[in-house]
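S.K.: Next comes the sequence, and after it the predicted model I'd like to discuss.
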Amino acid sequence: MPFSPDFSCLTAIAEASFVRAIGWLNGEHIYEEGPPQQDFVDKLHMLVLHAGESALALGWPESTDAHTCELCEDFSTSGNIGVPGSGVLYVAPAMILHYVIDHRYLPPEEFVAAVAECPLPGTPAYASAVACFPNSHPPKWD
C-alpha cells in the first residue's frame, strides 16, 4: 500500500482537492501513537465492515486484493472507506482499524470527530452525506 501522509490529497484509491488521506501507513514513516477511545474503535469497526457500500456510494472500484500490514506482516485486509467531513472526504484504507487497535495509530482529531458523525455506508443518510463529492479520479503515481 503506498504511503500518504495524513491530510494529503492523494491516496491509493482517490485523488482530489477535497480528499484527505488518513491512515495510509507503512514501516518507513513515523505516525502519532496513543490509546484510542472505545466508542471511536466501535464506530470505525462498523465503517470498515461497510467498506464495500462506501466504495459503491463514492464510485470507487471494489477492492478485492488483500494488503498485508507492512508494520507487522501478520494481518491482511482489503477495502477503503470514505468519511465525509466539513467540505472534505477523509479517505482511509480498511487497514486503519488494525493500525488503531494493534499498532496504536492515533488518527487526527478531525477524523475521529468525522467518524463519530458519519452515517453508516449503505444508508440514505450516507448517500446524502457523500453526494456533494464528485467521483474522485484514480490517483497517478509517479
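M.R.: On my side now, so go ahead. Residues are numbered from 1 along each chain as shown.
S.K.: May I have the strands that pair with the worst-scoring helix or strand of the chain on mean pLDDT, each with its orientation?
M.R.: For the chain, the helix or strand with the lowest mean confidence is strand 67-68, at a mean of 92 (criterion: mean pLDDT, DSSP states H and E). Strands that pair with strand 67-68, judged by DSSP bridges, come out as strand 76-77 (antiparallel).
S.K.: After the strand it pairs with, which helix or strand is next?
M.R.: With elements assigned by DSSP states H and E, the helix or strand that comes after strand 76-77 is strand 80-84.
S.K.: what comes up buried for the helix or strand just after that following strand?
M.R.: From strand 80-84 onward toward the C-terminus, using DSSP H and E, the following helix or strand is strand 89-93. Within strand 89-93, the residues that count as buried by 16 or more other Cβ atoms under 10 Å are L89, Y90, V91, A92, P93. (Glycine included, C-beta is placed from N, CA and C.)
S.K.: Next, format these as TSV and append distance to R104.
M.R.: Formatted as TSV, the entries for the buried residues of strand 89-93 read as follows, by distance: Cβ to Cβ, whole Å:
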residue	distance to R104
L89	25
Y90	19
V91	21
A92	16
P93	17
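S.K.: Tabulate those (a markdown table), appending distance to Y31 and pLDDT.
M.R.: Putting the buried residues of strand 89-93 into a markdown table (distance: Cβ to Cβ, whole Å; pLDDT from 0 to 100) gives the following:
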| residue | distance to Y31 | pLDDT |
| --- | --- | --- |
| L89 | 21 | 97 |
| Y90 | 16 | 98 |
| V91 | 16 | 97 |
| A92 | 13 | 97 |
| P93 | 13 | 96 |
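S.K.: Fine by me, thanks again.
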